[in-house]
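1. Requesting a structural model of the entry that follows:
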Amino acid sequence: MQISRRTAIKAAAAAAGLSAFPLRSASAAPLAAPGGTTLASTMLRGPAGTGGYMRVVSGPGEPHVVREDLGAKALPGRVGTRSSLVSFAQLTDIHIIDAQSPARVEYLDRYNDGPGSSLIFDAAYRPQEMLTAQVSDRVVAAVEQVGRGPVSGRPLDFVICTGDNTDNCQLNELRWHIDVLDGKTVRPGSGDPAKWEGVHDQDPITYDIHYWHPDGTPQGKADDEARALFGFPTIPGLLAAATRPFTPHGLKRRWYTCYGNHDGLVQGNFPESFQLSSFATGPAKVFTLPAGVSPADIANGDPTVAPALANAPARAVTADPTRKVVSRTETVREHFTTGGVPLGHGYTSQNVADGTAYYSFDMAPNLLGIVLDTVNPNGESSGSLDRKQLDWLKAKLAATTDRYVVVYSHHPIASLTNRIVFVDDPTPRVLGPEVRDALFASPNVIAWVNGHSHINRIIPQIRPGGGGFWEINTAAHVDWPVQARLLEVLDNRDGTLSIFGTIIDAAAPLAYGGNLGSTTALASLGRELAANDPQERDADRRGKVEDRNVELLIKAPFRIASQAPPPKAPPKAPLKAPPSGDSLAATGLQSGVAAAGAAALAAVAFRHRRASRPDQNLPPGDPA
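-> The predicted structure is shown next:
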């Protein structure tokens, strides 16, 4: 992800790309299926209670807002003449987290606490992180419960995840993600299944007030800051409940995926390596900076920090080979071990052979989806493309003359700023403006759907001379407001298309009600904790009203002669991985690696420091 997820939102209308075109509610024509969406009601932060702690409350529904920024006009007769082309759901920034992993650097996050903090070590810890698998399940359940476009009533043709499906580039996180979407039983815990080994537990030596401890305060210790300052509850037994096996709802339709920086880089910033994988799977977890090293030393890039961190204090934890850090090729191949469709979830055997993660797929009879890989394998959270991928994109667009095109990626255009190259391959990376211009050259492109920023935002990308495409950026599952987006493309039969975007909340009640025995209740608690993240309390990642439920008008590049019925789900293919690459059977890398791993994590910290500086063109408030 890009920049700092914890900086307060300050984006103005200009930063969101709004033009002078008026905004208004859409036509009051009946909607086919508004139930279960924020058209009917939405979930909001409630009033602050003790310590400022907020419960989740129900708010009124929000109608679609018409956007004419690209110059196409919303003609009054379109409601009676339009026909559906496609309907689908976007999931993004799920961040399923192994909250016990030794490869995480929660101990750096504390330096964001308090007034005047520099916000350079954030996104390493969240109080809700032990419940990310349960939350993901209930977002999937919301998609399935709605099941169709609320405007057209067309059954959802597919679901797409636009990256950061995992948090720390680990095999176990990846398996949990795939299994949650497939509806296969998941146990979202690692290490010793009989106990929690991480910053949230009651270990008397490593107990730290900077982290929320749901079981309460150990004897002789001070209350943690989450409870003492921010009103967080005490919930004994939560950690055990969070790692209990559960069977997810699962998707009953085809789903596709994109590659995000947290899927391909450790902590979303650092290239996978033997040292980091060994540290992740090993028996030692660093819990604090060593004596003589300060946050300022790390922030300033002091070269003496890396060797010092190799001797940082660490606690013993249970080694676990499933925490293995995975490469791009391994990630792609793992999507062929699935009970869902299509086999590979968009990835192909050619992706495995080439070590790539970009592809195209048929969205519907008249629409082509193009999925980009925007992760720079050289490191840092911002994105870019290599030249070969751009050439592939241009060729794919040139060959597509009779269908509309929707592009998908993890990073938005404003975050494609990563220029880092390998020493042995100094070929310049392709940045956002060049990719955008390649899309401008093809009139078939109507939208670019992405994530990464953890905020709902709609940006009109206006082509010089007129027209252009819509950039649709959707909030995360891991952070408040825990939402996904339904998207529908309709042909108005008047020379325009309407792209409807409708926000949905996770399918979980407003409060967990003290129930730790239900996955649905745990997801409710996870969402409530996200709403109260002390470093996120002032952020409103719901976006503006014109960034949530929207009707986006665009001139039709050409007229489609006929409408075909929605495609049926393809039959399930035999679950066989492509015959290339090594087996993903995890290997034990458990011993003698604490020093090497800590030194590698020091490099992660330096990478994180560099990556947390805001992109010049991206509004503040985006995550790192």
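2. use CA for all of it now, contacts and neighbours both
-> Fine.
3. Give me the secondary structure label for the closest residue to G231 other than its chain neighbours.
-> Distances taken as Cα to Cα, 6 or more residues apart in numbering place G51 nearest to G231, at 4.3 Å, with adjacent residues excluded. Using DSSP: H, G, I helix; E, B strand; the rest coil, the structure places G51 in helix.
4. for G51, what are its contacts?
-> Counting by Cα atoms under 8 Å, 6 or more residues apart in numbering, G51 touches A228, L229, F230, G231, F232.
5. at 10 Å what do you get?
-> Neighbour list for G51: A226, R227, A228, L229, F230, G231, F232 [criterion: Cα atoms under 10 Å, 6 or more residues apart in numbering].
6. And it, how far from H210?
-> Distance from G51 to H210, counting by Cα to Cα, to the nearest Å: 16 Å.
7. hmm, back to that, now go through the contacts of G51 and say which are in strands.
-> Assignment to strands by DSSP state E places none of the contacts of G51 there.
8. Mind giving me the PyMOL select for these, buried ones only?
-> In PyMOL syntax, the buried subset of those is picked out as below (16 or more other Cα atoms under 10 Å):
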select buried, resi 226+227+230+231+232
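9. could you dump the contacts of G51 to a markdown table with distance to L397 and pLDDT?
-> Putting the contacts of G51 into a markdown table (distance: Cα to Cα, whole Å; pLDDT from 0 to 100) gives the following:
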| residue | distance to L397 | pLDDT |
| --- | --- | --- |
| A226 | 51 | 96 |
| R227 | 54 | 96 |
| A228 | 56 | 96 |
| L229 | 54 | 96 |
| F230 | 52 | 96 |
| G231 | 53 | 97 |
| F232 | 51 | 98 |
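10. out of the contacts of G51, who's nearest M43?
-> F232 (19.6 Å; Cα to Cα).
11. Can you name the residues that contact the nearest residue to Y512 once chain neighbours are set aside?
-> Distances taken as Cα to Cα, 6+ apart place A521 nearest to Y512, at 4.4 Å, with adjacent residues excluded. Counting by Cα under 10 Å, 6+ apart, A521 makes contact with Q134, V135, R138, A508, P509, L510, A511, Y512, G513, G514, N515, R527.
12. burial measure for the last one, as a count.
-> Using other Cα atoms under 10 Å, the number of residues around R527 comes to 30.
13. Does it lie in a helix or a strand, and which?
-> helix 519-531 (DSSP states H and E).
14. what do you get for the second one?
-> Under the criterion of DSSP H and E, V135 resides in helix 132-146.
15. if you average pLDDT over that helix, what comes out?
-> The pLDDT scores in helix 132-146 average 98.
16. what angle do it and helix 519-531 make?
-> 110 degrees (axes from the mean of the first three to the mean of the last three Cα atoms, to 10 degrees).
17. list the helices and strands helix 132-146 packs on?
-> Helices and strands touching helix 132-146, by 3 or more Cα pairs under 10 Å, 6 or more residues apart in numbering; DSSP states H and E, are strand 83-91, strand 158-161, helix 171-182, helix 238-242, strand 483-491, strand 496-505, helix 519-531.
18. Swap in 6 Å and give it another go.
-> Identification of packing neighbours for helix 132-146 by 3 or more Cα pairs under 6 Å, 6 or more residues apart in numbering; DSSP states H and E yields helix 519-531.
19. Would you mind identifying the next helix or strand past the helix it packs on?
-> Next along from helix 519-531, by DSSP H and E: strand 550-555.
20. Is P307 located within a strand, as I assumed?
-> No. Counting by three-state DSSP, P307 is not found in a strand; it is helix.
21. Please tell me how far it sits from D69.
-> As defined by Cα to Cα, P307 lies at a distance of 53 Å from D69.
22. Comparing these two, which residue is more hemmed in?
-> D69 (25 against 15).
23. helix/strand/coil for that one?
-> coil.
24. ok so, going back, please compute how far the helix holding V135 lies from its chain's middle.
-> 14 Å (Cα atoms, centre = their mean, to the nearest Å).
25. For that helix, give me every contacting residue.
-> G36, I96, P248, H249, A506, A507, T519, A523 (Cα atoms under 6 Å, 6 or more residues apart in numbering).
26. of all those residues, which comes closest to A395?
-> Looking across the contacts of helix 132-146 and measuring by Cα to Cα, the closest to A395 is I96, at 34.8 Å.
27. burial of that closest one, as a residue count?
-> Neighbour number of I96 under other Cα under 10 Å is 29.
28. What distance do you get for it to D494?
-> Where D494 is concerned, I96 sits at a distance of 44 Å (Cα to Cα).
29. Below-threshold pLDDT in the protein: ranges please.
-> 1-30, 112-123, 273-275, 298-301, 306, 561-624 (pLDDT under 70).
30. in it, what residue sits furthest out from the centroid?
-> G220 (39.4 Å; Cα atoms, centre = their mean).
31. doesn't that one fall inside a helix?
-> No. Using three-state DSSP, the assignment for G220 is coil, not a helix.
32. let's have the chain start at 727 instead
-> Right, with 727 as the first residue, what we last looked at is G946.
33. still on that earlier bit, may I ask which two of the contacts of A1247 are separated the most?
-> Longest span within the contacts of A1247, Cα to Cα: R864 and G1240, 17.8 Å.
34. higher neighbour count, those two?
-> Applying other Cα under 10 Å to R864 and G1240 shows that R864 carries more neighbours, namely 26 against 11.
35. what's the spacing between the more buried one and S1053?
-> Between R864 and S1053 the computed distance is 28 Å (Cα to Cα).
36. and what of D893?
-> Look at D893 and S1053: by Cα to Cα, they are 14 Å apart.
37. between those two, which one's more packed in?
-> D893 (31 against 20).
38. Quick check, the more buried one in contact with I820.
-> No. Taking contacts as Cα atoms under 6 Å, D893 lies outside contact range of I820: 8.2 Å.
39. can you pull out the strands in the stretch 877-1026 of the chain?
-> With strands called from DSSP state E, counting those that start in this stretch, the stretch 877-1026 of the chain shows them at 884-887, 981-983, 991-992, 996-997, 1010-1012.
40. Please identify the most buried of these.
-> Among the strands of the stretch 877-1026 of the chain, the stretch with the highest mean neighbour count (mean count of other Cα atoms under 10 Å) is strand 991-992, at a mean of 28.
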